[in-house]
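Trainee: predicted model and sequence follow; I will ask about them next.
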Amino acid sequence: MAGQSPAGRVALALGSGGARGYAHIGVIDELQRRGYDIIGIAGSSMGALVGGLHAAGALDEFSDWAQTLTQRAVLRLLDPSIAAAGVLRAEKILDTVRDMLGEATIETLPIPYTAVATDLIAGKSVWLQRGPVDAAIRASIAIPGVIAPHVLDGRLLADGGILDPLPLAPIAAVNADVTIAVSLSGPDPGPGPDPDPAPDGSADAADDDAGATGEWLGRLLRSTSALLDTNAARSILDTPAARSMLSRFGTGSDSEEADDAEQIPKLGSFAVMNRTIDIAQAALARHQMAAYPPDLLIEIPRTACRSLDFHRAAEIIDVGRELAAKALDGYRNTGPGIIITPETP
């Protein structure tokens, strides 16, 4: 920012959390706006994606592209299949990321970078600090049961957030002035707007998306019937076209439990799995922060959006930017050693 001297050197830990990871882009934007120099990055899952793109100098291009994605475009980019141990291959999205990264390798990046993945056979966390950036990202974003695991150097690797949702250990030795952790499993700020509003454009947008959504959902239901029930598919694709198709396929009747259903949240099996992962990751993150306490913690509420809401980039980037601004203002006023967990806007 013009007229502002560099604010300090930052080591950045970017947590896992699906589409909420767009908030990492807003955090990085705000750090750069204030003159901070990011000298080390570690990321799990979406944190590895955003961190790797930033370290490679390609984050602005990715951010611009992500903000053009409609729900319809996201549905076309996702690639349902039962050919591998996951519901989605997501190779079309990864191809776009590869084009942005080019031939970048981790050891030649201008910013030291660690992508964290999980070795499913050995049952341990793996730090990826050498080799192609795109391969490290591919391994780290393999969400259990959603995106197929990735074989790299003879290891079967999956989402880094399984064991290390907030990777502070890899940046513990970085000679930074400030260590900042960005968690995507922050607490619910309380009553507020629906975290999953309908896409913009009301009826016209819904009609425009209906054909693509219906075609995609048909492929999903046919190819994943052995892996997901209709509740899971509905949780992934909660659109008018999807609901119409699901009613035709039949989701069963819960009329006998209607009274009870009014008293408790209605969760499909995918939502239950997603919430279970959120709870486990929040607990793991607390242990990691106890072992490697950051100077500053920025928490993105888990209710900011659902894990697969990749069509809401602009909105979630703004959430990250605003929460980062509040946290950095508080840090500037209180100094090191104080962890700030700002309220959501």
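Mentor: Okay, I see it.

Trainee: and the nearest residue to Val151 once chain neighbours are set aside, how far is that from Asp119?
Mentor: Distance criterion C-beta to C-beta, 6 or more residues apart in numbering; nearest residue to Val151, sequence neighbours excluded, is Leu157 at 7.3 Å. Heads up, the C-betas are built off the backbone N, CA and C, glycines and all. Noted for Leu157: a distance of 6 Å to Asp119, by C-beta to C-beta, to the nearest Å.

Trainee: helix, strand or coil for Gly43?
Mentor: Reduced to three states with DSSP: H, G, I helix; E, B strand; the rest coil, the structure at Gly43 is strand.

Trainee: check whether the residue lying closest to Ala19 once chain neighbours are set aside sits in a helix, strand or coil.
Mentor: Nearest residue to Ala19, sequence neighbours excluded (C-beta to C-beta, 6+ apart): Asp309, at 4.4 Å. Classification of Asp309 using three-state DSSP returns coil.

Trainee: per-residue pLDDT, Asp309?
Mentor: Looking at Asp309, its pLDDT is 91.

Trainee: please work out how many residues are found near it.
Mentor: Asp309 sits with 22 neighbouring residues when counted by other C-beta atoms under 10 Å.

Trainee: is it true that Pro294 touches Ala181?
Mentor: Yes: here Pro294 reaches Ala181: they are 4.0 Å apart, a contact under C-beta atoms under 8 Å.

Trainee: need the residues touching each of those two.
Mentor: Taking C-beta atoms under 8 Å, 6 or more residues apart in numbering as the contact rule, Pro294 and Ala181 both touch 13, 168.

Trainee: out of Leu157 and Asp119, which sits in the more crowded spot?
Mentor: Leu157 (25 against 18).

Trainee: quick one: the closest residue to Pro112 other than its chain neighbours from Gly160, how far?
Mentor: The shortest distance from Pro112 to any non-neighbouring residue, by C-beta to C-beta, 6+ apart, is to Gly40 (4.8 Å). The gap separating Gly40 from Gly160 is 16 Å, by C-beta to C-beta.

Trainee: these two: who's more crowded?
Mentor: Gly160 (33 against 23).

Trainee: quick one: name whatever helix or strand follows the helix or strand containing Leu284.
Mentor: Taking DSSP states H and E as the definition, one finds Leu284 inside helix 269-291. Following helix 269-291 in sequence order, the next helix or strand is strand 296-301 (DSSP H and E).

Trainee: what residues does that following strand touch?
Mentor: By C-beta under 8 Å, 6+ apart, strand 296-301 touches 17, 20, 23, 27, 178-189, 289, 319-320, 323-324, 327-328, 331, 339-342, 344.

Trainee: can you check stretch 124-135 too?
Mentor: Counting by C-beta under 8 Å, 6+ apart, 42, 52, 55-56, 94, 97-98, 101, 103-107, 109, 113-119, 136, 139-140, 150, 152-153, 155, 157, 160, 163-164, 170 sit against stretch 124-135.
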